[in-house]
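Engineer: structure, please.
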Amino acid sequence: MFDKREVQLTSSEIGHTLNTGQVFSANNDWIVFDNRNNDGDIKITGSIGIVNVKTGEEKTIYTVSNQTQYGPGVGAASFSPKENKVIFIQGIRNADEQRPYDFTRRTGVAIQIDTPEQPIFMDARNIERPFTPGALRGGTHAHSWSGDGKMISYTYNDYVIEQLAKTNPKVKDLRTIGLMFPKKVQVPNISNLENNNGEMFAVLAATVVENPKFGSDEIDKAFDECWIGKEGYVKSDGTPQRKAIAYQGNVKDSKGNTITEIFVADIVDDLASSEFDESIAGTENTRPNVPNGIGQRRVTFTEKGAKGPRHWLRSSADGSQIFFLSEDDKGLIQVYAVSPNGGVFKQITNNDFSITSPINISPDGSYLSYIADQSVFITEVSAGVSERLTSKYAAPEQLNGAVVWSNDGNTLAFNRYVKSEKGIFMQIFLLHR
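Structural biologist: Residues are numbered from 1 along each chain as shown. As a prediction, this is how the structure comes out:
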């Protein structure tokens, strides 16, 4: 199936970190990356690049003008499935020693490939009263495009609530998820670099509470989401649900233990044209509300919950399955799948060792890709048969991050460290069919 000869695509002595998904341009000619050399280095990383899959030509498409050791920082870039456009995390523009890059101090910035170095602020931000519907007050992160390229999902932490939590022990800065759609948002005071206008209207999509009831479906953290299907999924009654997000949510079991379960947010078709009340903007004492038109529903009821390395949920193209990581009976991390309608979940992989990376699904839904035993693996979903595609690597030239499919399913891209005379650098490698 795949030619097991790896192709080293990049060689320049800088970092070339791939996001966990959506790194290929719509025509599969380019791959986007950021210049991190280590996963946690967004704060000190100042540029985004692209590399041509066929020629290896590298281009810098965005450089932060005021980058310091405290931020702003950029990273985690993903291509639109429809446009020649990427989105990535950028820290707030006035980052300094007192106000460094942080969970509540970042936003989504886009670049049109044909007009590099011209940042497009996607989600508006306003941390001053009166708060603005459609603008957020904190930090968006890990942006993912919907299958039609019209919406973007993200994880979110609220700056206003983070500050309140410092003086009110009953309040906690809780991570949640949200989405944005095309509709310009203007905020009152953009002379304050904490604030910015946005090209898209942003709302939250999951309700989180400080103290979930034991044994309930309440959650105190929503995170690491994915869009379900390219065009949604089919409900159990046979009707189409055209837009939905699957995400991980932390609940408390009957004994008060934290368990991570899978949740679904169903989104009404006309959300973009809906009338929203002021509660979606939040107040100085409350985080923004989830608008009417977005539901919250738990779909797994497990003993162990989702477990393993940090990973984002993945969905088959037809939306029929949501894939997640959890432990098997031997304590090994495997891939499992569940319908967005709920019901019995099933084990997909049966490896003799744990999966150690995020997962991805081929465009046709036939294969999963991931790293295990310091090798690139794929697993046929229907048969559960796994295949090792690369040699087993060891430090310092080990594999890192996720294994990402091209949009046509013919290429896999992944990161591996390569040692040179100047040091050890994250490079991009390819496997072709």
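
Engineer: quick check: buried residues in the strand or helix carrying residue 111?
Structural biologist: Using DSSP states H and E, residue 111 falls within strand 106-112. Across strand 106-112, burial judged by 16 or more other C-beta atoms under 10 Å covers 106, 107, 108, 109, 110, 111. From N, CA and C alone the C-beta is placed, and that goes for glycine too.

Engineer: which of those residues sits closest to residue 162?
Structural biologist: Among those, residue 106 lies closest to residue 162 (C-beta to C-beta), at 12.5 Å.

Engineer: can you pull out the strands in the stretch 51-200 of the chain?
Structural biologist: 58-63, 74-79, 85-91, 106-112, 120-121, 138-145, 152-158, 176-185, 198-204 (DSSP state E, counting those that start in this stretch).

Engineer: distance to residue 214 added to those, as TSV?
Structural biologist: Listed next are these as TSV, based on distance: least, C-beta to C-beta, whole Å:
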stretch	distance to residue 214
strand 58-63	47
strand 74-79	35
strand 85-91	35
strand 106-112	33
strand 120-121	41
strand 138-145	28
strand 152-158	25
strand 176-185	21
strand 198-204	24
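
Engineer: same list (the ones you listed) but as JSON lines, adding distance to residue 26 and mean pLDDT.
Structural biologist: Below are these laid out as JSON lines (distance: least, C-beta to C-beta, whole Å; pLDDT from 0 to 100):
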{"stretch": "strand 58-63", "distance to residue 26": "16", "mean pLDDT": "98"}
{"stretch": "strand 74-79", "distance to residue 26": "7", "mean pLDDT": "98"}
{"stretch": "strand 85-91", "distance to residue 26": "9", "mean pLDDT": "98"}
{"stretch": "strand 106-112", "distance to residue 26": "13", "mean pLDDT": "98"}
{"stretch": "strand 120-121", "distance to residue 26": "17", "mean pLDDT": "98"}
{"stretch": "strand 138-145", "distance to residue 26": "10", "mean pLDDT": "97"}
{"stretch": "strand 152-158", "distance to residue 26": "15", "mean pLDDT": "98"}
{"stretch": "strand 176-185", "distance to residue 26": "17", "mean pLDDT": "98"}
{"stretch": "strand 198-204", "distance to residue 26": "19", "mean pLDDT": "98"}
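
Engineer: residue 382: which of the ones you listed is closest?
Structural biologist: Comparing the strands of the stretch 51-200 of the chain by C-beta to C-beta, strand 138-145 comes nearest, at 25.6 Å.

Engineer: in terms of secondary structure, what does the closest one contact?
Structural biologist: Strand 138-145 sits against strand 74-79, strand 85-91, strand 106-112, strand 152-158, helix 159-165, strand 222-227, with contacts defined as 3 or more C-beta pairs under 8 Å, 6 or more residues apart in numbering; DSSP states H and E.

Engineer: who's in contact with the strand holding residue 111?
Structural biologist: If you take C-beta atoms under 8 Å, 6 or more residues apart in numbering as the criterion, strand 106-112 is touched by 48, 61-62, 73-74, 83-92, 117-123, 125, 139-141, 143, 152, 154, 180, 196, 199.

Engineer: buried among those? Make that a PyMOL selection.
Structural biologist: Buried subset of the contacts of strand 106-112, written as a PyMOL selection, criterion 16+ other C-beta under 10 Å:
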select buried, resi 48+61+62+73+74+84+85+86+87+88+89+90+91+92+119+121+122+123+125+139+140+141+143+152+154+180+196+199
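
Engineer: who does the strand holding residue 111 pair up with?
Structural biologist: Sheet partners assigned to strand 106-112 using DSSP bridges are listed as strand 85-91 (antiparallel), strand 120-121 (antiparallel).

Engineer: re the thing from before, for residue 379, find the nearest of the helices and strands packed on strand 138-145.
Structural biologist: strand 222-227 (17.9 Å).

Engineer: next, the angle strand 198-204 makes with that closest one.
Structural biologist: Interaxial angle of strand 222-227 relative to strand 198-204 (axes from the mean of the first three to the mean of the last three C-alpha atoms, to 10 degrees): 120 degrees.

Engineer: what are the buried residues along strand 222-227?
Structural biologist: 222, 223, 224, 225, 226, 227.

Engineer: and stretch 336-349, by the same measure?
Structural biologist: For stretch 336-349, burial by neighbour count (16+ other C-beta under 10 Å) applies to 336, 337, 338, 339, 340, 345, 348, 349.

Engineer: of those residues, the lowest pLDDT goes to which?
Structural biologist: The lowest pLDDT within those belongs to residue 345, with 94.

Engineer: quick check: the nearest residue to that one once chain neighbours are set aside vs residue 263, distance?
Structural biologist: Using C-beta to C-beta, 6 or more residues apart in numbering and skipping the chain neighbours, the partner closest in space to residue 345 is residue 338 (3.9 Å). Using C-beta to C-beta, to the nearest Å, we find residue 338 at a distance of 11 Å from residue 263.

Engineer: what is in contact with these two at once?
Structural biologist: Common contacts of residue 338 and residue 263 (C-beta under 8 Å, 6+ apart): residue 299.

Engineer: tell me the contacts of residue 164?
Structural biologist: Counting by C-beta under 8 Å, 6+ apart, residue 164 makes contact with 171, 284, 285.

Engineer: from the residues you listed, which is closest to residue 129?
Structural biologist: Using C-beta to C-beta, the contacts of residue 164 come closest to residue 129 at residue 284, 6.3 Å.

Engineer: if anything else comes up later, I'll come back, but that's it for now.
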